[in-house]
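Participant: mind folding the following:
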Amino acid sequence: MKTLAALAVCFAMPAFADTKCGGYADMAAALSQQYGQTERFVGIESRKLVTVLFFNPETASWTMLVVGANGLACMVAAGVNGEFVAPGSPA
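Facilitator: Just a heads-up that it's a prediction; the model follows:
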């Protein structure tokens, strides 16, 4: 049943050819060690999945994970040249 739930979480997420999934703690540790990224935003989306944005302000690299209730985290987006926009500033 856990495998079925894990598959359901992955199929509920946007399809990316190179989607990488794993346990949340392992994914967070890898982002910290390899890219110096830390959690900067956490939110619950409409399907009850948790979206977490990791960011490194020195390199401007970022990664977005979507995490299911079972702790399975999948990378749904990543990039460079990220920046935070101050409230009230045009995006």
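
Participant: count of neighbours near the nearest residue to Gly36 once chain neighbours are set aside?
Facilitator: Leaving aside its sequence neighbours, Gly36 sits nearest to Asn56 (CB to CB, 6 or more residues apart in numbering; 4.4 Å). Every C-beta, even on glycine, is put in place using the N, C-alpha and C of the backbone. Asn56 is flanked by 18 other residues according to other CB atoms under 10 Å.

Participant: cool, and Lys20?
Facilitator: Residues lying near Lys20 (other CB under 10 Å) number 14.

Participant: for the residue nearest to Gly36, name its beta-bridge partners.
Facilitator: Using DSSP bridges, the bridge partners assigned to Asn56 are Ser61.

Participant: any regions of this structure where pLDDT drops low?
Facilitator: Low-confidence segments of the chain, defined by pLDDT under 70: 1-18, 91.

Participant: list the contacts of the residue sitting nearest the centre point of it.
Facilitator: What sits nearest the mean C-alpha location of the chain, by CA atoms, centre = their mean, is Leu65, with 1.3 Å. Contacts for Leu65 were tallied using CB atoms under 8 Å, 6 or more residues apart in numbering; they are Tyr24, Met27, Ala28, Thr51, Val52, Phe54, Ala73, Cys74, Met75, Val76.

Participant: from those, which would you call buried?
Facilitator: Tyr24, Met27, Ala28, Val52, Phe54, Ala73, Cys74, Met75, Val76 (16 or more other CB atoms under 10 Å).

Participant: JSON lines please, covering the residues you listed and showing secondary structure and distance to Ser46.
Facilitator: Below are the buried ones among the contacts of Leu65 laid out as JSON lines (DSSP: H, G, I helix; E, B strand; the rest coil; distance: CB to CB, whole Å):
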{"residue": "Tyr24", "secondary structure": "helix", "distance to Ser46": "20"}
{"residue": "Met27", "secondary structure": "helix", "distance to Ser46": "22"}
{"residue": "Ala28", "secondary structure": "helix", "distance to Ser46": "23"}
{"residue": "Val52", "secondary structure": "strand", "distance to Ser46": "16"}
{"residue": "Phe54", "secondary structure": "strand", "distance to Ser46": "22"}
{"residue": "Ala73", "secondary structure": "strand", "distance to Ser46": "18"}
{"residue": "Cys74", "secondary structure": "strand", "distance to Ser46": "17"}
{"residue": "Met75", "secondary structure": "strand", "distance to Ser46": "20"}
{"residue": "Val76", "secondary structure": "strand", "distance to Ser46": "15"}
